[in-house]
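[1] what's the 3D shape of this:
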Amino acid sequence: MSRPVTKARGWGPIQSLLLLSPLLLGAPWFAYRKHYSLPEPVTELINPTTSLPQISEAQILTHARHLSEEIGYRTVGTREHALGDAYMVEQANELKRQCDEIVKATPDRQLECEVWRQEGSGNHRFDIMGKRLYKTYRNLSNIIVRVSDGTERGKENAVLVNSHVDSTLPSPGAADDALAVGVMLECIRNLIYTPGWEPSYAIIFLFNNAEESLQDGSHLYSTQHHTAKSVRAAINLEAAGTTGPELLFQATSEEMIKAYSKVPRPFGTILANEIFSSGILMSDTDFRQFELYLNVTGLDMAVVGNSYLYHTRLDLVENIEAGVAQHMAENTLALLQYLSSPESPLPSLTAGYSKPTTVFYEAFGHFWVYSYQTAKILYSTLLVVSTLFIRSTFVPPAPALRQGRGFVSENLRGLKALCLGLVGSLLGANFVAFIMRNVLDKGMSWFSVELSCLLLYGPAALTGTLASQLLIGHVREQTVFSSLVLSHAFLACTLQLLGIGSSAVFFLSGLPLFLAYVANTFLVRNGDEVSLWSYAIGQFVPLTTGTRMVLAVLDVFVPLTGRMGEQAPGDHIIATIVAVTGSYMFPLAVPFIHRFPRRALLRVLLVPAVMTSIAIAAFAARQPFDRMHPKRFFVLHMENVTSNEQHLHFAAADGAPGFKLLAHDIAMKFGMPDVPPPSTILMDDWNADWDIIYPFSAFLTPYKIDLPPHPELIAAPKYDFALSAVNDTIDAAAGTRSFTLVVKHTGIIWTVIAFDAHVLQWSLDNNPPKEHARHHIKEGSFYGHDIWTADFTIKLPENDTTGGKIKVNFAGIDEKSMWPGKKAIKQQGGRAMKLFEEIDEWLDKEKGGVYDATLAGCVGGVAWI
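    Now for the predicted structure:
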């Protein structure tokens with residue numbers, strides 16, 4: 001019996017694509033809907049059907065709204081920060097009261113709730129973005145709730161779940177991180193009100209009150225609280241956005257990954273895990289402190305969709321998508337129920353943190369988990385089986401085309417076509433990025449809509465792929481197909497052998513491609529042909545998996561380009577992402593090209609080329625920013641208490657065009673009259689003007705202008721901000737100087753000092769750099785605490801004539817001079833707040849309201865200590 005013929009050679013590219021269009025359009029749409037699906041939010045605290053407690057999104061958002069809107073900007077050191085602390089103490093004690101009443105009503109129930117308000121001081125080193133930084137904090141607080149069965153045995157092994165109560169300088173922090181605070185409070189309520197629930201292992205809820213000051217709160221808990229020694233695993237809840245399901249982006253043991261598989265709506269992949277752990281996102285969470293100081297494994301989860309609003313004044317409850325809180329809370333509750341149950345792996349997690357060796361991803365409604373060893377077996381098997389099958393079914397080219405080529409040489413030609421396709425895709429997309437950024441000065445025009453970059457760079461990438469095939473000439477369609485199968489199997493196997501768990505993406509594409517190749521042998525008679533059914537079989541998984549990969553990556557990286565600095569090639573980064581992920585989504589594009597003669601390719605090439613031209617014209621008319629996708633703008637009003645000068649510093653954190661013009665307009669409006677337009681200032685470790693946000697200041701493009709005197713503001717606030725040295729001694733024989741630095745900063749928060757010295761010993765840690773270096777020390781203290789100290793022993797410079805004195809740059813923020821956080825008491829903020837109000841109003845009216853400005857009144861100077 002002859003094999004069926006399912007391929008009509010008379011069909012051209014258009015007819016073939018039309019036949020495949022239901023798949024090409026339907027699979028991405030299916031993946032899109034799946035990717036962003038959220039549960040329906042629940043309002044009632046008690047399920048009316050079962051009479052059992054249930055997660056209530058309304059209750060979670062009530063907590064988030066109170067913290068972010070009724071209290072407001074909870075920056076460490078402010079009055080609002082202290083109010084947030086008081087609110088959490090009140091909520092924790094209320095839950096304990098309810099827990100005690102439940103236990104009293106059911107005496108046989110093994111349940112105990114304990115509450116602590118921890119307060120303490122400390123120091124720690126915090127390296128980030130390639131910079132060495134030291135933190136010192138005074139009298140900061142945490143609120144801790146432990147839920148256990150009340151026995152010492154039940155408290156020996158605990159899971160820690162963490163969120164942070166504070167918010168950062170420019171944000172009220174509804175999603176980041178009041179949302180997670182509400183989730184944890186709601187989980188406690190559900191657990192204690194569930195009849196008969198008794199934890200076999202304790203759950204410690206840490207409401208830490210100083211994450212945005214560089215993880216002081218989690219350091220305080222990890223190093224000083226007596227319950228920390230019982231922690232065997234940590235779950236960190238964060239937010240860098242306001243929409244979509246929370247993403248599992250760090251998972252550090254097979255046991256905890258398997259625990260995560262118990263949640264009702266898993267959402268995470270090994271790819272996200274490895275991208276974050278690589279450091280390319282230049283971001284961090286409290287999870288670092290738990291790994292460093294508790295040596296525990298765990299999970300790190302965050303809401304990441306719509307991260308345009310991350311650390312902006314738009315981080316409000318009204319901008320949190322419906323279902324987000326429900327999704328995070330239901331997953332968190334399921335985790336805690338499992339980890340506190342008799343089946344929990346907590347007692348076995350005593351070895352501490354080690355590099356994870358587990359592959360995990362969510363696909364087709366199932367959360368897949370397997371070890372690296374299993375992955376090696378699976379991927380190696382795929383490579384061996386596919387190689388043997390393709391070799392056994394290999395049909396040599398017709399004698400006229402053979403030219404001495406056998407199996408290896410034929411597939412090398414196919415591999416060359418594939419590599420040229422990828423290179424062409426990269427060149428095409430990046431050529432358009434170059435045109436937009438460097439020729440038309442219209443860079444980042446795709447910024448306000450994450451997926452719009454696909455419309456700009458997608459046609460260009462396809463044009464490059466098509467054009468690249470003109471360089472190689474005709475290659476048999478099936479040869480390119482077989483080379484594609486082998487290359488994906490080879491990449492999956494090789495990358496896994498190198499310890500890269502993300503090689504799973506190539507297994508997920510390689511396996512269906514191989515199955516499609518096998519199916520093709522039954523669908524066609526001619527060994528040179530590839531059935532359209534084979535294309536459909538081979539494309540479905542890469543399309544769905546690739547679509548979700550594209551969505552996840554662009555959701556993170558497109559908004560990230562708005563805060564990665566002017567020098568970062570944002571347009572080229574996004575163009576490269578589109579080209580690479582597009583090549584993964586459509587792996588069979590290159591074999592499909594070689595299905596048709598050269599003249600057909602030349603005609604088809606015109607279509608994406610024209611689309612590229614139209615896209616360039618359309619995006620050249622777009623603006624990167626709008627009110628809900630704002631440009632981040634940083635403004636400092638600096639009063640130098642040493643020179644009595646006043647300056648206005650402002651900066652942007654992206655490479656979009658137009659900021660130089662804005663700088664000129666600001667200088668004309670608010671600066672001294674009859675002065676030249678401002679120019680950018682060098683941003684390095686010695687630019688002390690921006691030390692309050694060091695080292696993130698490295699991303700900024702700063703300008704500086706002198707401020708004119710305002711008669712109505714001559715009565716400036718008097719700042720008590722001074723540095724001094726006590727216990728000062730010099731050992732001439734040893735060539736050293738020892739002293740205690742005292743920093744007094746009444747009404748000033750987030751103080752920072754920077755100096756150059758060869759430090760031999762200090763009280764910050766036991767390992768200062770063994771050389772003369774630049775040092776930055778940043779402080780974070782609870783509201784009302786205005787003195788901090790540090791002990792130093794420094795090496796005296798050779799031929800020193802200053803008595804070992806060192807030049808110290810110091811700066812801080814006036815606690816009452818932050819706009820809009822202190823808008824309600826603007827009269828107390830002095831000249832800075834009056835100016836900020838004018839700037840903010842001007843930006844809104846004259847510049848379209850597309851700027852999200854961080855405005856801080858700063859005080860600084862220079863002291864010789």
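[2] pLDDT of stretch 212-222, averaged?
    Averaged over stretch 212-222, pLDDT sits at 97.
[3] Same check on stretch 279-295?
    Averaged across stretch 279-295, pLDDT comes to 89.
[4] Same check on stretch 856-865?
    Regarding stretch 856-865, the rounded mean pLDDT is 95.
[5] what do you get for stretch 467-486?
    Per-residue scores along stretch 467-486 average to 93.
[6] Now it: buried residues?
    Neighbour counts over stretch 467-486 (16 or more other Cβ atoms under 10 Å) mark 467-469, 472, 475-486 as buried. All C-beta atoms are positioned from the backbone trio N, CA, C, and that covers glycine.
[7] cool, stretch 772-787 as well?
    Under 16+ other Cβ under 10 Å, the buried positions of stretch 772-787 are 775-783, 785-786.
[8] Same list (these) but as JSON lines, adding distance to residue 143 and pLDDT.
    Converted to JSON lines, the buried residues of stretch 772-787 look like this (distance: Cβ to Cβ, whole Å; pLDDT from 0 to 100):
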{"residue": "775", "distance to residue 143": "33", "pLDDT": "97"}
{"residue": "776", "distance to residue 143": "30", "pLDDT": "97"}
{"residue": "777", "distance to residue 143": "27", "pLDDT": "98"}
{"residue": "778", "distance to residue 143": "24", "pLDDT": "97"}
{"residue": "779", "distance to residue 143": "22", "pLDDT": "97"}
{"residue": "780", "distance to residue 143": "17", "pLDDT": "97"}
{"residue": "781", "distance to residue 143": "18", "pLDDT": "97"}
{"residue": "782", "distance to residue 143": "13", "pLDDT": "97"}
{"residue": "783", "distance to residue 143": "15", "pLDDT": "97"}
{"residue": "785", "distance to residue 143": "18", "pLDDT": "95"}
{"residue": "786", "distance to residue 143": "23", "pLDDT": "95"}
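[9] hmm, which two among these are most spread apart?
    775 and 783 (26.9 Å; Cβ to Cβ).
[10] OK, contacts around residue 200?
    Neighbouring residues of residue 200 by Cβ atoms under 8 Å, 6 or more residues apart in numbering: 149, 154, 340-342, 344.
[11] What separation do you get for residue 154 and residue 101?
    Separation of residue 154 from residue 101 (Cβ to Cβ, to the nearest Å): 21 Å.
[12] Then residue 774?
    With the distance defined as Cβ to Cβ, residue 774 ends up 57 Å from residue 101.
[13] repeat for residue 544
    Computed as Cβ to Cβ, the residue 544 to residue 101 distance reads 50 Å.
[14] ok, those two, which is more surrounded?
    Neighbours per residue (other Cβ atoms under 10 Å) separate residue 544 from residue 101, with residue 544 holding more: 23 against 11.
[15] Nearest residue to that one in space, please, no chain neighbours.
    Nearest residue to residue 544 in three dimensions, chain neighbours excluded: residue 31, at 4.3 Å (Cβ to Cβ, 6 or more residues apart in numbering).
[16] where does that neighbour land on pLDDT?
    In this model, residue 31 is scored at 95, pLDDT.
[17] Also the one 3 residues further on?
    We have a pLDDT of 93 for residue 34.
[18] cool, residue 7 as well?
    As summarised for this prediction, residue 7 has a pLDDT of 43.
[19] swap in residue 394?
    86.
[20] List the contacts of it.
    Going by Cβ under 8 Å, 6+ apart, residue 394 touches 407, 410, 482.
[21] least trustworthy helix or strand in the chain by mean pLDDT?
    Across the helices and strands of the chain, mean confidence by mean pLDDT, DSSP states H and E is lowest for helix 399-402: a mean of 50.
[22] so after that helix, what's the next helix or strand?
    Downstream of helix 399-402, the next assigned helix or strand under DSSP states H and E is helix 407-434.
[23] quick one: buried residues of that following helix?
    407, 410-411, 413-415, 417-418, 420-422, 424-434.
[24] Next secondary structure element downstream of it?
    Using DSSP H and E, the helix or strand that follows helix 407-434 in sequence is helix 452-468.
[25] and the helix or strand following that next one, how far from the chain's centre?
    With elements assigned by DSSP H and E, the helix or strand that comes after helix 452-468 is helix 477-497. Helix 477-497 sits 31 Å away from the centroid of its parent chain (Cα atoms, centre = their mean, to the nearest Å).
[26] Tell me what angle helix 477-497 forms with helix 407-434.
    Relative orientation of helix 477-497 and helix 407-434, computed by axes from the mean of the first three to the mean of the last three Cα atoms, to 10 degrees: 80 degrees.
[27] Tell me the helices and strands packed up against helix 477-497.
    helix 372-392, helix 407-434, helix 504-523, helix 589-593 (3 or more Cβ pairs under 8 Å, 6 or more residues apart in numbering; DSSP states H and E).
[28] quick one: which of those is nearest residue 644?
    helix 407-434 (47.4 Å).
[29] Show me what that closest one is packed up against.
    helix 452-468, helix 477-497, helix 570-585, helix 589-593, helix 598-620.
[30] 7 Å instead?
    Secondary-structure packing of helix 407-434 (3 or more Cβ pairs under 7 Å, 6 or more residues apart in numbering; DSSP states H and E): helix 452-468, helix 477-497, helix 570-585, helix 589-593.
[31] Per-residue pLDDT of the nearest residue to residue 187 once chain neighbours are set aside, please?
    Nearest non-adjacent residue to residue 187, counting by Cβ to Cβ, 6+ apart: residue 333, 5.0 Å away. For residue 333, the pLDDT comes out at 98.
[32] now do the one 5 residues further on
    The pLDDT attached to residue 338 in the predicted structure is 98.
[33] what about it, distance to residue 262?
    Distance from residue 338 to residue 262, by Cβ to Cβ: 5 Å.
[34] Next, the buried residues of stretch 590-606.
    Of the residues in stretch 590-606, those buried (16+ other Cβ under 10 Å) are 590-596, 601, 604-605.
[35] Mind jotting down where the strands sit in the stretch 101-250 of the chain?
    112-125, 134-148, 158-164, 202-208, 231-239, 243-251 (DSSP state E, counting those that start in this stretch).
[36] would you turn those into JSON lines with distance to residue 819?
    Below are the strands of the stretch 101-250 of the chain laid out as JSON lines (distance: least, Cβ to Cβ, whole Å):
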{"stretch": "strand 112-125", "distance to residue 819": "30"}
{"stretch": "strand 134-148", "distance to residue 819": "25"}
{"stretch": "strand 158-164", "distance to residue 819": "23"}
{"stretch": "strand 202-208", "distance to residue 819": "27"}
{"stretch": "strand 231-239", "distance to residue 819": "23"}
{"stretch": "strand 243-251", "distance to residue 819": "27"}
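[37] And the ones you listed: which comes nearest residue 50?
    strand 134-148 (21.8 Å).
[38] Pull the distance from that closest one to the chain's centre.
    24 Å.
[39] likewise stretch 200-220?
    19 Å.
[40] Kindly present the helices and strands packed on helix 407-434 as CSV, with separate columns for distance to residue 317.
    Shown next, in CSV, are these (distance: least, Cβ to Cβ, whole Å):
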stretch, distance to residue 317
helix 452-468, 27
helix 477-497, 42
helix 570-585, 30
helix 589-593, 44
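[41] Now residue 807: closest residue in space that isn't a chain neighbour?
    Nearest non-adjacent residue to residue 807, counting by Cβ to Cβ, 6+ apart: residue 864, 5.8 Å away.
[42] Over to residue 428?
    residue 464 (2.4 Å).
[43] in stretch 757-769, what counts as buried?
    757-760, 762, 764, 768.
[44] do the same with stretch 511-528
    511-521, 523-524.
[45] Just give me the closest of these to residue 276.
    residue 511 (26.3 Å).
[46] Okay then, goodbye and thanks.
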